[in-house]
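> need coordinates for the following:
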Amino acid sequence: MSPKLLCAHSEPPRKKLKKRVQFTVSSPTHCSTPQAALAIPTLHEIRNLCLALKDVREGGPCLGFLIDRQRNRRLGIHPVRKHPRALAAQDIVSLQNLLTTPTPTLLEACAISNFDRKRLALILASTVIQLHGTPWLADRWGSQDICFLRKIGTREPILLEPYVSKPFVSRAVAAPPSQNKVLAARGPTIRNESLFALGVLLIELSFGKPFGQLREPCDMGRNGLPNRYTDLTVADRLIRSRTLFSREGALYEDAVRRCIRCEFDQVQDSLGDLDFKAAVFEKVILPLECDLKYFCGGKLPRVD
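Purely as a prediction, here's the structure:
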């Protein structure tokens with residue numbers, strides 16, 4: 001099983017441009033090579049993907065190819081044949097909005113079944129490996145960055161087709177980053193921000209509510225307010241109390257624990273390190289896959 005990037009979507013250039021990438025996890029299947037892919041050797045290499053997508057036309061020809069120099073492969077980039085519909089603001093809902101719906105909650109509304117929740121957890125875990133180091137996914141990400149399209153004519157989100165939404169602001173209008181303020185927000189005890197964010201999101205999916213609603217007075221600072229250690233304290237409390245184990249089982253709990261505490265038995269703690277990335281795949285993604293398989297009776301069903 002491997003993460004598969006399906007398509008990219010971009011809007012006409014503006015001062016503030018918002019793009020989305022759709023991602024999913026699918027079982028390995030054998031598929032025939034598209035005719036357009038056969039002509040890849042005659043196409044040009046895409047050196048700037050943003051420029052290539054700028055003038056893309058629905059159903060147009062292959063845009064060219066990207067080179068995976070590490071594996072010595074070419075990846076052909078094809079426009080979607082037909083976009084299902086024009087998107088409006090009401091057609092899109094973030095995972096954060098779903099989690100913060102006052103009543104009924106995400107789980108009680110049956111908007112997401114246990115199967116959908118476990119599969120979504122696997123998809124998002126694979127996304128960290130897939131999109132790490134790209135502009136699409138910052139180190140500090142969360143439920144606000146995960147979006148879903150609604151089914152046509154309804155307000156029901158298509159939960160198994162998540163998108164990551166990322167605003168791209170031109171340098172002329174972008175404010176300078178306050179890096180010290182960002183680093184101070186959660187304190188120095190978090191070794192990998194991206195994996196910690198994944199662990200938090202897995203906890204949110206399990207409880208069906210925002211992480212902030214899981215805080216208790218014992219997690220706060222001396223003044224009774226959240227501080228830089230609060231989120232880590234909440235997550236660690238839920239792990240130590242075996243609350244996640246009782247809700248989800250050992251595999252899911254173990255994946256969350258490793259993300260929160262960055263326990264991978266590696267010297268490096270960056271996803272840019274191949275050994276560390278392999279350890280994350282083995283100790284987070286594979287356990288979540290096994291958890292989903294056990295839930296489905298030993299076999300992953302095909303989702304179309």
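> so where do the helices sit in the stretch 151-300 of the chain?
For the stretch 151-300 of the chain, the helices defined by DSSP state H, counting those that start in this stretch cover 179-184, 193-207, 230-240, 243-248, 250-261, 274-280, 286-295.
> export those helices to a markdown table and tack on distance to residue 75 and mean pLDDT?
(C-beta placed from N, C-alpha, C; glycine too.) Putting the helices of the stretch 151-300 of the chain into a markdown table (distance: least, C-beta to C-beta, whole Å; pLDDT from 0 to 100) gives the following:
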| stretch | distance to residue 75 | mean pLDDT |
| --- | --- | --- |
| helix 179-184 | 33 | 39 |
| helix 193-207 | 24 | 94 |
| helix 230-240 | 37 | 92 |
| helix 243-248 | 35 | 89 |
| helix 250-261 | 29 | 95 |
| helix 274-280 | 19 | 94 |
| helix 286-295 | 24 | 93 |
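> residue 50 is nearest to which of those?
Ranking the helices of the stretch 151-300 of the chain by proximity to residue 50 (C-beta to C-beta) places helix 193-207 first, at 22.6 Å.
> need the contact partners of that closest one.
Counting by C-beta atoms under 8 Å, 6 or more residues apart in numbering, the neighbours of helix 193-207 from elsewhere in the structure are 95, 99, 117, 120-121, 124-125, 128, 132, 137, 139-143, 146, 186, 190, 210-211, 213-214, 231-232, 235, 238, 244, 247-248, 252, 255-260, 262, 271, 280, 284.
> tilt between it and helix 286-295?
20 degrees (axes from the mean of the first three to the mean of the last three C-alpha atoms, to 10 degrees).
> how deep is residue 197 tucked in, by neighbour count?
Other residues near residue 197 number 24, with proximity taken as other C-beta atoms under 10 Å.
> give me the low-pLDDT residue ranges for this protein?
Of all residues in the chain, those with pLDDT under 70 make up the ranges 1-41, 59, 71, 80-90, 102-112, 168-188, 299-304.
> quick check: domain ranges of it?
Partitioning the chain according to automatic domain parsing yields domains covering residues 2-77, 89-170+180-295.
> ok so, going back, out of the helices of the stretch 151-300 of the chain, which comes closest to residue 218?
Ranking the helices of the stretch 151-300 of the chain by proximity to residue 218 (C-beta to C-beta) places helix 230-240 first, at 7.6 Å.
> counting contacts, what elements does the closest one pack onto?
In this structure, helix 230-240 packs against helix 193-207, helix 250-261, with contacts taken as 3 or more C-beta pairs under 8 Å, 6 or more residues apart in numbering; DSSP states H and E.
> give me the buried positions along that helix.
For helix 230-240, burial by neighbour count (16 or more other C-beta atoms under 10 Å) applies to 230, 231, 232, 233, 234, 235, 236, 238, 239.
> now stretch 193-207
If you call a residue buried by 16+ other C-beta under 10 Å, then stretch 193-207 has these buried ones: 193-207.
> closest to residue 290 among those?
The shortest gap between residue 290 and any of those belongs to residue 202, at 14.8 Å (C-beta to C-beta).
> what is the nearest of the buried residues of helix 230-240 to residue 288?
residue 239 (16.0 Å).
> buried ones among the contacts of helix 193-207?
Under a neighbour-count criterion of 16+ other C-beta under 10 Å, the subset of those counted as buried comprises 95, 99, 117, 120-121, 124-125, 128, 132, 137, 141-143, 146, 186, 190, 210-211, 214, 231-232, 235, 238, 244, 248, 252, 255-260, 262, 271, 280, 284.
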